[in-house]
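# structure here, sequence nowhere to be found:
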(Lines give C-alpha, C1' and ligand atoms only; values in the text may rest on other atoms or scores of the structure.)
Protein backbone atom coordinates (compact mmCIF):
# COMPACT_ATOMS: atom_id res chain seq x y z
CA UNK A 1 0.00 0.00 0.00
CA UNK A 2 1.46 3.35 -1.00
CA UNK A 3 1.73 5.61 2.05
CA UNK A 4 1.23 9.36 1.96
CA UNK A 5 4.25 11.63 2.30
CA UNK A 6 7.91 10.71 2.73
CA UNK A 7 9.05 7.10 2.90
CA UNK A 8 10.61 5.45 5.95
CA UNK A 9 13.76 3.32 6.22
CA UNK A 10 15.05 1.39 9.25
CA UNK A 11 18.79 1.92 9.00
CA UNK A 12 20.37 0.83 12.28
CA UNK A 13 19.76 -1.24 15.38
CA UNK A 14 21.34 -1.79 18.78
CA UNK A 15 20.76 -3.63 22.03
CA UNK A 16 21.91 -3.78 25.62
CA UNK A 17 21.28 -6.06 28.58
CA UNK A 18 22.59 -6.16 32.16
CA UNK A 19 25.63 -8.30 32.87
CA UNK A 20 23.93 -10.10 35.77
CA UNK A 21 22.23 -13.33 34.68
CA UNK A 22 19.61 -15.24 36.66
CA UNK A 23 19.34 -18.88 35.58
CA UNK A 24 16.51 -21.34 35.97
CA UNK A 25 18.60 -23.29 38.47
CA UNK A 26 19.06 -20.16 40.57
CA UNK A 27 15.30 -19.53 40.48
CA UNK A 28 14.73 -23.04 41.84
CA UNK A 29 16.44 -21.86 45.04
CA UNK A 30 13.93 -19.00 45.33
CA UNK A 31 10.63 -20.71 44.48
CA UNK A 32 9.47 -24.29 43.95
CA UNK A 33 10.45 -24.85 40.33
CA UNK A 34 13.15 -26.40 38.15
CA UNK A 35 15.03 -25.79 34.94
CA UNK A 36 13.02 -28.51 33.22
CA UNK A 37 9.67 -27.09 34.41
CA UNK A 38 10.47 -23.56 33.26
CA UNK A 39 12.09 -24.49 29.96
CA UNK A 40 9.41 -26.97 28.91
CA UNK A 41 6.65 -24.42 29.50
CA UNK A 42 8.32 -21.20 28.32
CA UNK A 43 11.51 -21.96 26.38
CA UNK A 44 13.50 -19.84 28.85
CA UNK A 45 16.85 -20.81 30.34
CA UNK A 46 18.05 -17.50 31.81
CA UNK A 47 17.30 -13.80 31.99
CA UNK A 48 19.40 -10.63 32.47
CA UNK A 49 18.59 -8.58 35.58
CA UNK A 50 19.52 -5.00 36.46
CA UNK A 51 22.04 -4.79 39.30
CA UNK A 52 21.23 -2.64 42.35
CA UNK A 53 21.84 0.97 41.43
CA UNK A 54 21.81 0.30 37.69
CA UNK A 55 19.24 2.26 35.67
CA UNK A 56 17.10 1.48 32.66
CA UNK A 57 18.25 4.76 31.09
CA UNK A 58 21.79 3.37 30.95
CA UNK A 59 20.64 0.40 28.89
CA UNK A 60 18.51 2.58 26.63
CA UNK A 61 21.43 4.90 25.96
CA UNK A 62 23.74 2.00 25.10
CA UNK A 63 21.20 0.48 22.69
CA UNK A 64 20.54 3.83 21.02
CA UNK A 65 24.26 4.58 20.65
CA UNK A 66 24.82 1.23 18.93
CA UNK A 67 21.91 1.84 16.57
CA UNK A 68 23.20 5.30 15.63
CA UNK A 69 26.69 3.90 15.01
CA UNK A 70 25.30 1.23 12.66
CA UNK A 71 23.24 3.84 10.81
CA UNK A 72 26.26 6.18 10.68
CA UNK A 73 24.22 8.98 12.25
CA UNK A 74 25.65 11.46 14.77
CA UNK A 75 23.60 11.98 17.95
CA UNK A 76 23.38 15.70 17.12
CA UNK A 77 21.46 14.79 13.94
CA UNK A 78 18.62 13.03 15.78
CA UNK A 79 15.30 14.88 15.69
CA UNK A 80 13.23 12.69 18.02
CA UNK A 81 13.78 9.99 20.63
CA UNK A 82 10.83 7.75 21.51
CA UNK A 83 11.27 5.51 24.56
CA UNK A 84 8.74 2.69 24.71
CA UNK A 85 8.70 1.50 28.32
CA UNK A 86 6.40 0.63 31.18
CA UNK A 87 9.19 0.74 33.76
CA UNK A 88 11.05 4.06 33.49
CA UNK A 89 13.61 5.09 36.10
CA UNK A 90 11.45 8.16 36.66
CA UNK A 91 7.65 8.02 36.51
CA UNK A 92 7.75 11.40 34.77
CA UNK A 93 9.72 9.74 31.95
CA UNK A 94 13.26 8.62 31.12
CA UNK A 95 13.56 9.61 27.45
CA UNK A 96 14.91 13.03 28.40
CA UNK A 97 17.72 11.50 30.43
CA UNK A 98 18.64 9.24 27.52
CA UNK A 99 18.65 12.28 25.22
CA UNK A 100 21.14 13.98 27.53
CA UNK A 101 23.37 10.93 28.01
CA UNK A 102 23.35 10.24 24.28
CA UNK A 103 24.32 13.82 23.42
CA UNK A 104 21.33 14.21 21.10
CA UNK A 105 21.15 17.93 21.80
CA UNK A 106 18.62 18.75 19.07
CA UNK A 107 16.21 15.92 19.76
CA UNK A 108 12.74 16.05 21.26
CA UNK A 109 12.33 13.12 23.66
CA UNK A 110 9.34 11.49 25.31
CA UNK A 111 8.16 8.18 26.73
CA UNK A 112 5.42 6.00 25.24
CA UNK A 113 3.67 3.24 27.17
CA UNK A 114 2.05 0.24 25.51
CA UNK A 115 3.70 -2.52 27.57
CA UNK A 116 4.92 -5.46 25.45
CA UNK A 117 3.45 -3.87 22.30
CA UNK A 118 5.34 -0.66 22.99
CA UNK A 119 8.13 -1.05 20.45
CA UNK A 120 5.73 -1.68 17.56
CA UNK A 121 3.54 1.22 18.67
CA UNK A 122 6.68 3.36 18.95
CA UNK A 123 7.80 2.54 15.41
CA UNK A 124 4.39 3.38 14.00
CA UNK A 125 4.32 6.66 15.95
CA UNK A 126 7.80 7.56 14.71
CA UNK A 127 6.79 6.84 11.12
CA UNK A 128 4.02 9.42 11.29
CA UNK A 129 6.48 12.17 12.26
CA UNK A 130 8.72 11.16 9.35
CA UNK A 131 5.97 10.78 6.76
CA UNK A 132 4.63 14.27 7.45
CA UNK A 133 8.09 15.73 6.94
CA UNK A 134 8.31 17.11 10.48
CA UNK A 135 11.35 14.99 11.42
CA UNK A 136 14.03 13.25 9.37
CA UNK A 137 15.73 10.97 11.92
CA UNK A 138 14.05 9.23 14.85
CA UNK A 139 15.47 6.80 17.42
CA UNK A 140 12.93 4.34 18.78
CA UNK A 141 13.96 2.52 21.95
CA UNK A 142 12.17 -0.39 23.59
CA UNK A 143 13.38 -0.88 27.16
CA UNK A 144 11.95 -2.46 30.28
CA UNK A 145 13.03 -3.64 33.72
CA UNK A 146 10.12 -5.77 34.86
CA UNK A 147 12.34 -7.44 37.46
CA UNK A 148 11.61 -4.36 39.59
CA UNK A 149 7.90 -5.24 39.67
CA UNK A 150 7.88 -9.03 40.00
CA UNK A 151 6.58 -10.93 43.02
CA UNK A 152 9.56 -13.20 43.54
CA UNK A 153 7.45 -15.63 45.56
CA UNK A 154 5.04 -16.21 42.63
CA UNK A 155 6.52 -18.92 40.41
CA UNK A 156 3.96 -18.32 37.66
CA UNK A 157 5.36 -14.85 36.93
CA UNK A 158 8.84 -14.52 38.47
CA UNK A 159 10.34 -17.07 36.05
CA UNK A 160 9.23 -15.08 32.99
CA UNK A 161 10.71 -11.62 33.06
CA UNK A 162 14.12 -10.15 32.34
CA UNK A 163 15.53 -6.69 31.71
CA UNK A 164 16.97 -5.17 28.55
CA UNK A 165 16.82 -2.54 25.84
CA UNK A 166 16.84 -2.44 22.06
CA UNK A 167 16.70 0.41 19.58
CA UNK A 168 16.36 1.25 15.90
CA UNK A 169 17.09 4.33 13.82
CA UNK A 170 14.28 5.32 11.45
CA UNK A 171 15.03 7.84 8.70
CA UNK A 172 13.22 9.65 5.94
CA UNK A 173 13.67 8.07 2.51
CA UNK A 174 12.70 10.17 -0.50
CA UNK A 175 13.11 7.29 -2.96
CA UNK A 176 10.88 4.57 -1.51
CA UNK A 177 8.98 3.49 1.56
CA UNK A 178 10.49 0.50 3.34
CA UNK A 179 7.90 0.42 6.12
CA UNK A 180 5.43 -1.47 3.99
CA UNK A 181 2.42 -2.03 6.24
CA UNK A 182 1.28 -1.67 9.85
CA UNK A 183 -1.72 -2.51 12.01
CA UNK A 184 -2.42 -1.61 15.65
CA UNK A 185 -5.19 -2.92 17.94
CA UNK A 186 -6.45 -2.61 21.52
CA UNK A 187 -9.15 -4.32 23.57
CA UNK A 188 -9.62 -2.82 27.03
CA UNK A 189 -12.22 -5.44 27.92
CA UNK A 190 -9.30 -7.80 28.56
CA UNK A 191 -7.32 -5.28 30.61
CA UNK A 192 -7.72 -7.32 33.80
CA UNK A 193 -5.72 -10.27 32.43
CA UNK A 194 -2.31 -8.57 32.68
CA UNK A 195 -1.62 -5.74 35.10
CA UNK A 196 0.96 -3.81 37.03
CA UNK A 197 -1.61 -1.85 38.98
CA UNK A 198 -1.51 1.13 41.27
CA UNK A 199 -1.72 0.06 44.90
CA UNK A 200 -1.55 3.19 46.98
CA UNK A 201 -1.75 3.20 50.75
CA UNK A 202 -4.60 5.23 52.20
CA UNK A 203 -2.99 7.99 54.24
CA UNK A 204 -4.83 10.62 56.35
CA UNK A 205 -3.75 14.21 55.77
CA UNK A 206 -6.26 15.72 58.20
CA UNK A 207 -8.91 14.10 60.40
CA UNK A 208 -11.44 14.36 57.56
CA UNK A 209 -9.25 14.13 54.43
CA UNK A 210 -7.23 11.15 53.14
CA UNK A 211 -5.29 10.29 50.00
CA UNK A 212 -3.84 7.18 48.39
CA UNK A 213 -0.08 7.53 48.72
CA UNK A 214 1.76 6.28 45.63
CA UNK A 215 2.83 2.71 45.08
CA UNK A 216 2.35 -0.18 42.65
CA UNK A 217 1.45 -3.83 43.10
CA UNK A 218 3.57 -6.60 41.54
CA UNK A 219 2.68 -7.96 38.11
CA UNK A 220 -0.41 -10.15 37.91
CA UNK A 221 -1.23 -12.26 34.87
CA UNK A 222 -3.75 -14.82 33.67
CA UNK A 223 -1.36 -16.91 31.61
CA UNK A 224 -3.97 -19.09 29.93
CA UNK A 225 -6.00 -16.10 28.78
CA UNK A 226 -2.90 -14.33 27.45
CA UNK A 227 -1.89 -17.47 25.55
CA UNK A 228 -5.31 -17.83 23.93
CA UNK A 229 -5.40 -14.13 23.11
CA UNK A 230 -1.94 -14.11 21.51
CA UNK A 231 -2.38 -17.24 19.43
CA UNK A 232 -5.71 -15.96 18.07
CA UNK A 233 -4.88 -12.29 17.53
CA UNK A 234 -1.25 -12.19 16.42
CA UNK A 235 -1.60 -14.13 13.13
CA UNK A 236 -4.62 -11.97 12.31
CA UNK A 237 -2.85 -8.66 12.94
CA UNK A 238 0.15 -9.77 10.86
CA UNK A 239 -2.21 -10.73 8.04
CA UNK A 240 -3.81 -7.28 8.17
CA UNK A 241 -0.40 -5.59 8.08
CA UNK A 242 0.53 -7.77 5.11
CA UNK A 243 -2.70 -6.74 3.36
CA UNK A 244 -1.81 -3.10 3.84
CA UNK A 245 1.64 -3.88 2.45
CA UNK A 246 0.08 -5.67 -0.55
CA UNK A 247 2.09 -8.78 0.32
CA UNK A 248 1.31 -12.31 1.46
CA UNK A 249 3.01 -14.46 4.08
CA UNK A 250 5.33 -16.05 1.52
CA UNK A 251 7.03 -12.66 1.12
CA UNK A 252 8.22 -12.68 4.76
CA UNK A 253 11.88 -13.57 5.11
CA UNK A 254 11.94 -13.31 8.90
CA UNK A 255 9.29 -13.29 11.64
CA UNK A 256 10.08 -11.67 14.99
CA UNK A 257 7.40 -11.89 17.66
CA UNK A 258 7.38 -10.46 21.16
CA UNK A 259 9.38 -13.00 23.15
CA UNK A 260 6.74 -13.90 25.72
CA UNK A 261 6.70 -17.68 25.49
CA UNK A 262 8.23 -20.13 23.02
CA UNK A 263 4.93 -22.00 22.84
CA UNK A 264 3.19 -18.84 21.64
CA UNK A 265 5.93 -18.18 19.09
CA UNK A 266 5.68 -21.75 17.76
CA UNK A 267 1.87 -21.71 17.64
CA UNK A 268 1.74 -18.41 15.74
CA UNK A 269 4.39 -19.56 13.25
CA UNK A 270 2.47 -22.79 12.70
CA UNK A 271 -0.77 -20.92 12.03
CA UNK A 272 1.04 -18.75 9.53
CA UNK A 273 2.63 -21.82 7.92
CA UNK A 274 6.12 -20.44 8.52
CA UNK A 275 9.03 -22.83 9.05
CA UNK A 276 10.97 -22.48 12.29
CA UNK A 277 14.16 -21.52 10.45
CA UNK A 278 12.47 -18.23 9.43
CA UNK A 279 11.45 -17.37 12.99
CA UNK A 280 13.82 -15.41 15.25
CA UNK A 281 13.83 -16.40 18.92
CA UNK A 282 16.21 -15.46 21.74
CA UNK A 283 13.83 -16.24 24.58
CA UNK A 284 16.15 -18.89 26.02
CA UNK A 285 18.72 -16.18 26.75
CA UNK A 286 16.67 -13.11 27.71
CA UNK A 287 13.21 -14.26 28.81
CA UNK A 288 10.37 -11.77 28.42
CA UNK A 289 11.83 -8.26 28.28
CA UNK A 290 8.53 -6.59 27.36
CA UNK A 291 9.05 -3.62 24.99
CA UNK A 292 12.73 -4.57 24.57
CA UNK A 293 12.14 -8.08 23.27
CA UNK A 294 11.56 -7.38 19.56
CA UNK A 295 14.49 -4.95 19.07
CA UNK A 296 16.77 -7.23 21.12
CA UNK A 297 15.91 -10.13 18.82
CA UNK A 298 16.20 -7.94 15.71
CA UNK A 299 19.64 -6.70 16.71
CA UNK A 300 20.92 -10.20 17.38
CA UNK A 301 19.66 -11.44 14.01
CA UNK A 302 21.15 -8.50 12.10
CA UNK A 303 24.55 -8.68 13.79
CA UNK A 304 24.76 -12.46 13.34
CA UNK A 305 24.18 -12.03 9.61
CA UNK A 306 20.78 -13.71 9.47
CA UNK A 307 18.84 -10.63 8.42
CA UNK A 308 20.28 -9.05 5.28
CA UNK A 309 19.65 -5.66 3.69
CA UNK A 310 16.47 -5.66 1.62
CA UNK A 311 14.90 -8.67 3.31
CA UNK A 312 11.31 -8.44 4.52
CA UNK A 313 10.82 -8.63 8.28
CA UNK A 314 7.48 -9.03 10.03
CA UNK A 315 7.30 -8.02 13.70
CA UNK A 316 4.39 -8.32 16.12
CA UNK A 317 4.01 -7.24 19.72
CA UNK A 318 1.23 -8.17 22.13
CA UNK A 319 0.50 -7.70 25.79
CA UNK A 320 -1.04 -5.55 28.48
CA UNK A 321 -3.87 -3.23 27.65
CA UNK A 322 -4.59 -5.58 26.01
CA UNK A 323 -2.80 -4.29 22.95
CA UNK A 324 -1.28 -5.84 19.88
CA UNK A 325 0.23 -4.68 16.63
CA UNK A 326 2.35 -5.64 13.65
CA UNK A 327 4.67 -4.00 11.16
CA UNK A 328 6.13 -5.22 7.88
CA UNK A 329 9.37 -3.61 6.74
CA UNK A 330 12.39 -4.09 4.53
CA UNK A 331 15.58 -3.99 6.57
CA UNK A 332 18.14 -1.34 5.77
CA UNK A 333 18.46 1.14 2.94
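On my side now, so go ahead. Quick caveat, the model's predicted, so the values are computed rather than measured. Numbers count the residues shown, from 1 in each chain.
# could you use CA atoms for every contact and neighbour count after this?
OK.
# remind me, longest helix of the chain?
The residue-count maximum for a helix in the chain (DSSP state H) belongs to helix 223-245.
# retrieve the pLDDT associated with residue 333.
Model confidence at residue 333, given as pLDDT, is 87.
# dump the residue contacts of it.
Going by Cα atoms under 8 Å, 6 or more residues apart in numbering, residue 333 touches 9, 10, 11, 309, 310.
# same question for residue 240.
182, 183.
# and for residue 159?
Neighbour list for residue 159: 24, 27, 38 [criterion: Cα under 8 Å, 6+ apart].
# and the helices in the stretch 201-333 of the chain, which stretches?
Taking DSSP state H, counting those that start in this stretch as the criterion, the stretch 201-333 of the chain contains helices spanning 223-245, 262-271, 283-286, 293-303.
# domains of the chain?
Under the assignment automatic domain parsing, the domains of the chain span 7-177, 180-191+218-330.
# how much space separates the residue nearest the centre of the chain from residue 253?
Centroid-nearest residue in the chain: residue 291, 2.2 Å away (criterion: Cα atoms, centre = their mean). As for residue 291, its distance to residue 253 is 22 Å (criterion: Cα to Cα, to the nearest Å).
# then residue 59?
From residue 59 to residue 253 the distance is 29 Å (Cα to Cα).
# for the two, work out which one has more neighbours and name it.
Neighbour count, other Cα atoms under 10 Å: between residue 59 and residue 253, residue 59 has more, with 25 against 19.
# reformat the domains of the chain as JSON lines; add mean pLDDT and distance to residue 204.
Below are the domains of the chain laid out as JSON lines (pLDDT from 0 to 100; distance: least, Cα to Cα, whole Å):
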{"stretch": "domain 7-177", "mean pLDDT": "97", "distance to residue 204": "24"}
{"stretch": "domain 180-191+218-330", "mean pLDDT": "97", "distance to residue 204": "24"}
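# what would the ones you listed look like in JSON lines with distance to residue 205?
Compiled in JSON lines, the domains of the chain are given as follows (distance: least, Cα to Cα, whole Å):
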{"stretch": "domain 7-177", "distance to residue 205": "23"}
{"stretch": "domain 180-191+218-330", "distance to residue 205": "26"}
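# what's the closest of the ones you listed to residue 201?
Among the domains of the chain, domain 180-191+218-330 comes nearest to residue 201, with 14.5 Å by Cα to Cα.
# straight-line length of the closest one, end to end?
When the termini of domain 180-191+218-330 are compared using Cα to Cα, they are 7 Å apart.
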